[in-house]
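Undergrad: Sequence plus the predicted model coming up.
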Amino acid sequence: TANITSVTATVAARFMIGPLCDTFGARRTFAFLLMIGCIPTYFSGLVQTANDLAVIRFFIGILGATFVCNQAWSSHMFAKEIIGVANATSAGWGNLGGGITNIFMSALWNGFKTVTDSETAWRVSFIIPATIVLICSLATLLIADDCPKGNFSELIERGAMKQKKSWDFCVLCLQTPKLLDS
């Protein structure tokens, strides 16, 4: 059940994140998702029941939508001649991160078990990745650029770029289904 809720959250969030990336930029949407995602990660150590686990996994599953931000951001950062390689590489690094996290979490748990009991060790272990996610969200927001030319807000302010509003297009498509037929 926890795995199903996690995947459900990921799929649903991915549908919503695309338009947010178009409207606010992939970098800011990515940072926001990471910032929000660290909260249930911090709370993971408080799980007591299967229902608690399903709820936490649902909210952590929303972080799976960072894949959309990753691909959108990568598409803005690299030239069209190499975007396939750039997107494949960034997606591959994301998958590699999942594997490394499994190893890292086991190592954390084993490390904490040397100073506390096994039950407390796995609970405390979640503080480290939650903090890493929070730091990454702040670094993404404060240090990174939206594209090689700078941040979208600055480009819009200078008139070098127009504000995108893909939500308007989504609403129009829902109101006028024939638009999707063409």
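TA: That came in fine, so what should we check first? Numbers count the residues shown, from 1 in each chain.
Undergrad: center of this protein, which residue is that?
TA: If you average the C-alpha coordinates of the chain and look for the closest C-alpha using C-alpha atoms, centre = their mean, you land on residue 66, 2.5 Å from that point.
Undergrad: pull the longest helix from the chain.
TA: Of all the segments of type helix in the chain, defined by DSSP state H, the longest one is helix 83-113.
Undergrad: before we move on, back to that, gap between the residue nearest to the centre of the chain and residue 16?
TA: Residue 66 sits at a distance of 13 Å from residue 16 (criterion: C-beta to C-beta, to the nearest Å). Glycine gets a C-beta too; all of them are placed from N, C-alpha and C.
Undergrad: Which residues belonging to the helix or strand residue 23 falls within are considered buried?
TA: Using DSSP states H and E, the secondary-structure element containing residue 23 is helix 2-24. By neighbour count, with 16 or more other C-beta atoms under 10 Å as the criterion, the buried positions of helix 2-24 are 2, 5-6, 9-10, 13-14, 17-24.
Undergrad: so which helix or strand takes in residue 74?
TA: helix 66-77.
Undergrad: Averaged pLDDT, that helix. What do you get?
TA: For helix 66-77, the mean per-residue pLDDT is 89.
Undergrad: Could you do stretch 94-108 as well?
TA: Mean per-residue pLDDT for stretch 94-108: 88.
Undergrad: Which positions within that stretch qualify as buried?
TA: Judged by neighbour count (16+ other C-beta under 10 Å), stretch 94-108 contains these buried residues: residue 108.
Undergrad: Alpha carbons of it, in CSV - could you do that?
TA: In CSV, the C-alpha atoms belonging to stretch 94-108 read as follows (Å, rounded to 0.1, in the frame of the first residue of the first chain):
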residue,chain,number,x,y,z
GLY,A,94,18.8,10.8,-10.9
ASN,A,95,18.4,7.1,-11.0
LEU,A,96,21.9,6.6,-9.7
GLY,A,97,21.0,8.9,-6.8
GLY,A,98,18.2,6.5,-5.8
GLY,A,99,20.6,3.6,-5.6
ILE,A,100,23.3,5.6,-3.7
THR,A,101,20.6,6.7,-1.3
ASN,A,102,19.8,3.0,-0.5
ILE,A,103,23.4,2.4,0.3
PHE,A,104,23.8,5.7,2.2
MET,A,105,20.7,5.1,4.3
SER,A,106,21.9,1.6,5.3
ALA,A,107,25.3,3.0,6.2
LEU,A,108,23.7,5.7,8.3
